[in-house]
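Visitor: Sequence first, predicted model second:
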Amino acid sequence: EKQRSKRLFGALLGNLNQPRDRTSTRRQEIEARRKAELQRQDDERLEDKQRRLESLAEHRRRKQWDVDEDNMRFRHKSMLDAANFFMTSAEPKIMYRPWELRPDEEDRVEQQLEEAQKQVDEEVDLFEARR
């Protein structure tokens, strides 16, 4: 009697654990479609993120050129303005300009302006070549 009960119970459990063919295959199809849809959505999100990152990088490069150009122009303007003055040799450097310039001082200011303009032109050419 005990053996018979075990055998029947085992057979019953065996039948319960076996998936029904029709429902299990349908469930597997549904799961496969769901996984495919999720994978497609992940791929789309990844592509969109990649496009946005590329667009942002390009925008940053363009803006960086503009910022670099503005900085260069400001530095050149300051350099040309400073070329109109004399500078002390001691530290800290002090800029001064006499009310009336002597001829040799005028020549010195002109020379400083020429040197500053030459340096500005070189930097502009380098910047344009880099661009």
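Guide: In hand now; what should we look at? Residues are numbered from 1 along each chain as shown.
Visitor: Could you pull out the strands in this protein for me?
Guide: Secondary structure of the chain (DSSP state E): strands at 86-87, 95-96.
Visitor: residue nearest the centroid of this structure?
Guide: Geometric centre of the chain, nearest residue: Ala57, 4.5 Å, by C-alpha atoms, centre = their mean.
Visitor: From Arg102, how far out is it?
Guide: In this view, Ala57 and Arg102 are 56 Å apart by C-beta to C-beta, to the nearest Å. Just so you know, the C-beta spots here come from the backbone N, C-alpha and C atoms, and that holds for glycine as well.
Visitor: if I pick Phe85, what's in contact with it?
Guide: By C-beta atoms under 8 Å, 6 or more residues apart in numbering, Phe85 lies in contact with Met95, Tyr96, Arg97.
Visitor: go with 6 Å
Guide: Phe85 is in contact with Met95, Arg97, counting by C-beta atoms under 6 Å, 6 or more residues apart in numbering.
Visitor: For this protein, which residues score under the pLDDT cut-off?
Guide: 15-22 (pLDDT under 70).
Visitor: highest average neighbour count across the strands of the chain?
Guide: strand 86-87 (a mean of 13; mean count of other C-beta atoms under 10 Å).
Visitor: Need the residues that contact it.
Guide: By C-beta under 6 Å, 6+ apart, strand 86-87 touches Lys93, Met95, Tyr96.
Visitor: could you measure the nearest residue to Val120 once chain neighbours are set aside against Asp66, distance?
Guide: Excluding the flanking residues, the one nearest Val120 by C-beta to C-beta, 6 or more residues apart in numbering is His76, at 4.5 Å. According to C-beta to C-beta, His76 and Asp66 sit 16 Å apart.
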